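Chemist: Need coordinates for the following:
(one chain, ligands or ions: 2)
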Amino acid sequence: MKILKFGGSSVANRENIKKVFQIIKSRQKEGEIALVFSAFGGVTEVLLKSARLANEGDKSYLKDLKTLEERHLDMVRELIPIQLQSSVLTYVKVRFNELEDLFHGIFLIKECSPRTLDYVGSFGERLSAFILAEALKVEGLPATYLDAREVIRTSARFGNAKVDFSATNDLILDYFHTHPGLKVITGFIASTAKGETTTLGRSGSDYTAAIFASALDADCLEIWTDVSGVLTSDPRLVYTAFTIPQLSYNEAMELSHFGAKVIFPATMQPAMKKDIPIYIKNTFEPENPGTLINGDAPNGKIIKGISSLSDVSLLNIVGGGLIEVVGVSHRVFGALADAGVNVILISQASSEHSICIAIQSADVAIAKEVIEKEFLTEIRNGEMDPVLVVPDMAIVAAVGENMKHNPGASGRMFQALGQNNVNVYAIAQGSSELNISAVVSRVDLQKALNALHEAFFLSDNKVLHVFLVGVGLIGKALIKMIANQREKLQRENLLDIHIHGLANSRFMSFSEDGFDLKNCPMPGENGNDQAMDLEKFTQIMDDMNFSNSVFVDCTASQEVADIYERVLEAKVPIVTPNKKANSGSLERYRALKKLAGKRGVKFLYETNVAAGLPVINTLQDLMLSGDKVVRIEAVLSGSMNYIFSELEKGLPFSDVVKVAKEKGYTEPDPRDDLSGMDVARKILILGREAEQDLHFEDITIQSMVPSDCEKAGSVEEFFEKLQAHDGEFTELLQEASSKGQKLRFMAILENGKAKVGLGSFDNSHPFYNLKGSDNMILFTTERYFDFPMIIRGPGAGADVTAAGVFADVIRLGNYSR
Ligand SMILES: NC(=O)C1=CN([C@@H]2O[C@H](COP(=O)(O)OP(=O)(O)OC[C@H]3O[C@@H](n4cnc5c(N)ncnc54)[C@H](OP(=O)(O)O)[C@@H]3O)[C@@H](O)[C@H]2O)C=CC1
Ligand SMILES: N[C@@H](CC=O)C(=O)O
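Modeler: Ligands and ions are numbered 1, 2, ... in the order given. Just a heads-up that it's a prediction; the model follows:
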């Protein structure tokens, strides 16, 4: 025997009911079944609301009743052929006449007791099960309507009656022995021994099904609903939540207590006592296996699900007078119990100095009042503080039997929360080790759930949420690269990258779901984009509150570099090709690294030097492994190398600089390159990475910018003025050529001092053969002393630079996995 229970949404309309009938037919072929139905979706709510209206003397209940009646009559007309409708229509009309009389009575005497409400509530299931039984007969199934009030005996605790299992089991068995055929049973309702109608409380129809399953020793209980089983987390908050294939009864109870609404713990008890498997299935996706709940807790994932409660407040009861005083907890919880306040979570430090309690926010005022009244004397004497309320909290709970005797679950949980800057206000874990709960701020709830979900279920998968400032040459190339590589990264690296924020110097735009990167609108291209405001940009990034946010700075702006501290403080890692932060004061360079370390987030800037070439990482590896840099000799400017190599072809200097800009090799203002400033920044950064106390003043720079060009207001004006100096650069070239040498703009760092400027090299030097935008870095170190380590390759340009930035972003995705 299998018991199948269908919830209100499964029988909300004709289309859904047709799906239900198909499921019933296929199950019937497999063996004996019995069916339990809820009221048609939404009916019970309307009935109870109408009763309330009548009680308040509001006659609009009549309209609601009429609408309900029409809905039921329509259902009969839709499910049953006209020639068989008459008796069923009569049944429905008689029930609604009874309801009308009942409501009129409530209206007249303005009294609606729990007992009356139970009677009112019983009509929903009585109507649905009766109509569905008749409709099943039409489908050729031998259905018998069973009003569960005939067989489920309860106490007279109206609204949430207590089942008398001994009487109920006998009545059910007796009924089933004497009534063959397919039973179609009303969910939710029962009766006292005196025949008064009662109801079974929240999720009462599930309970009815479990009561029948238990009495009949059913092979299994199937709960058919509108979701595919119990999910790993709330899918409205965690988009990657998925169905849990199997749960133990205990795990299901813990998960449902903390928010998984699919099944209510009390309803499981009768089935659980007899070890009857419960399947949670989706009426609208019957082929989905759903979730099996039974007595097993198979090995596998350390936790099964992450649940949450969102409307919670904390009460902190603090005071020296609490220490080693027997009975404090008794008084606190006694006062709360007397006031009917349900305590969700308790945490007390072993110092006994404070007790922390989580309760529903709606209960805060009364809870504070009764505790302060209970401890009035202690508060007056200063032995205890007034109760401190922390509002707007939420609880996240990791649930799973495999945590038992299995170290590491709490470590992983709190590491994931900490890494994502989620502050934990209180913690509770029972010795059953089935549930670890943490109280967090409500604004952090979604981030916390996603961080935990990722840490426990998707530790191989990672989603990065990027906020990109600077969508010029490099920023645009980066977006294109991410768009092109996204599927491969998802498939092969289990990494998904979304961009949620974009900005240039004028506009910023945001997308909660992530921009469509294949057709990504630039800031300012959408009518509703906001004016760029850096402070607001970071605020919105904070407010979106994603786990794994990343700030990418693809500008050359000092202003943007100046907000890195704020970003790192918020535990958001930074990836940037912008050299401004690292080439500022030595103190700031060090402070940023320290801050990143302190906040446990990465600050990655491989592209600060030589674009995508692996220069910074290599140098960091050398230093970490204990090497010492003796000398760095390098061509560090792609644009300058391009300019001086192209000059060899006899082209005018100003034209070559223009092409270097067009090719994306120069800085936004090419004077940054020609003046040696860009190279100076790079050698400064290399020196600092080599652990030298290098300041900007330690660098001697030879500028290639003629003094009149320096003063030019705009880049265009600069180019106009530069033409007049083409001859000077041709002469420099000729002089070097006459000695068989080539001009290279280079930097040398040695003995704590650096020099940047033009040099000429013959063919015995590795710089001689550099071409185009090539960079070359020679590291002479204690280990690479006789023959320096050489890194060479294109050191400027949109693609190589964006690829370097992209590699840093991917690196972030690979950390902590
Ligand atoms: N080009 C290359 O080969 C390499 C470049 N880099 C570095 O990459 C960075 C970007 O270079 P590139 O893409 O060529 O520069 P672009 O000039 O092409 O783009 C700069 C972007 O930054 C935006 N921007 C400037 N100031 C601000 C601000 N205050 N707030 C918000 N956005 C701002 C600009 O907006 P708007 O358009 O509105 O001005 C533009 O979108 C630079 O730091 C550069 O040094 C590093 C290695 C190699
Ligand atoms: N303008 C730079 C590119 C970025 O650092 C160069 O020419 O190398």
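Chemist: State the distance from whatever residue of the chain ends up closest to ligand 2 to Thr168.
Modeler: Nearest residue of the chain to ligand 2: Ser639, at 3.2 Å (C-beta to the nearest ligand atom). To be clear about C-beta, it is placed using only N, CA and C from the backbone, and glycine gets the same treatment. Distance of Ser639 to Thr168, computed by C-beta to C-beta, to the nearest Å: 86 Å.
Chemist: And these two? Which one has more around it.
Modeler: Shown here are Ser639 and Thr168; by other C-beta atoms under 10 Å, Ser639 has more neighbours (28 against 21).
Chemist: Am I right that that one sits in a strand?
Modeler: No - Ser639: not assigned to a strand; according to DSSP: H, G, I helix; E, B strand; the rest coil it is helix.
Chemist: Which strand residues bridge Ser354?
Modeler: Val318 (DSSP bridges).
Chemist: Isn't it up against Val318?
Modeler: Yes - counting by C-beta atoms under 8 Å, Ser354 does reach Val318; the two are 4.3 Å apart.
Chemist: Tell me where the stretch 1-150 of the chain has helices.
Modeler: For the stretch 1-150 of the chain, helices defined by DSSP state H, counting those that start in this stretch occupy the ranges 14-30, 43-55, 61-79, 85-109, 114-138.
Chemist: Nearest to Thr538 among those helices would be which one?
Modeler: Ranking the helices of the stretch 1-150 of the chain by distance to Thr538, with C-beta to C-beta as the measure, places helix 43-55 first at 44.4 Å.
Chemist: Skipping adjacent residues, who's closest to Phe603 in space?
Modeler: Among residues not flanking Phe603 along the chain, Ala596 sits closest, at 4.0 Å (C-beta to C-beta, 6 or more residues apart in numbering).
Chemist: residues in contact with the one you found?
Modeler: With contact set as C-beta atoms under 8 Å, 6 or more residues apart in numbering, Ala596 has these partners: Leu568, Pro573, Ile574, Lys602, Phe603.
Chemist: farthest pair in the residues you listed?
Modeler: Spatial extent of the contacts of Ala596 (C-beta to C-beta) is set by the pair Leu568 and Lys602 at 9.5 Å.
Chemist: shared neighbours of those two, which are they?
Modeler: Ile574, Ala596.
Chemist: Which one's more surrounded, those two?
Modeler: Of the pair Leu568 and Lys602, Leu568 is the one with more neighbours under other C-beta under 10 Å, namely 25 against 18.
Chemist: what about stretch 613-629, how long is it end to end?
Modeler: 19 Å (C-alpha to C-alpha, to the nearest Å).
Chemist: buried stuff in that stretch?
Modeler: Of all the residues in stretch 613-629, those buried under the rule 16 or more other C-beta atoms under 10 Å are Leu613, Val615, Ile616, Thr618, Leu619, Leu622, Asp627, Val629.
Chemist: can you tell if it touches ligand 1?
Modeler: No - Stretch 613-629 is not in contact with ligand 1 by C-beta under 6 Å from any ligand atom; minimum separation 10.0 Å.
Chemist: can you list contacts of that stretch?
Modeler: Contacts to stretch 613-629, defined as C-beta under 8 Å, 6+ apart, come from residues 605-606, 608-609, 685-686, 689-692, 749, 775, 777, 779-784, 789, 791-795, 800, 804.
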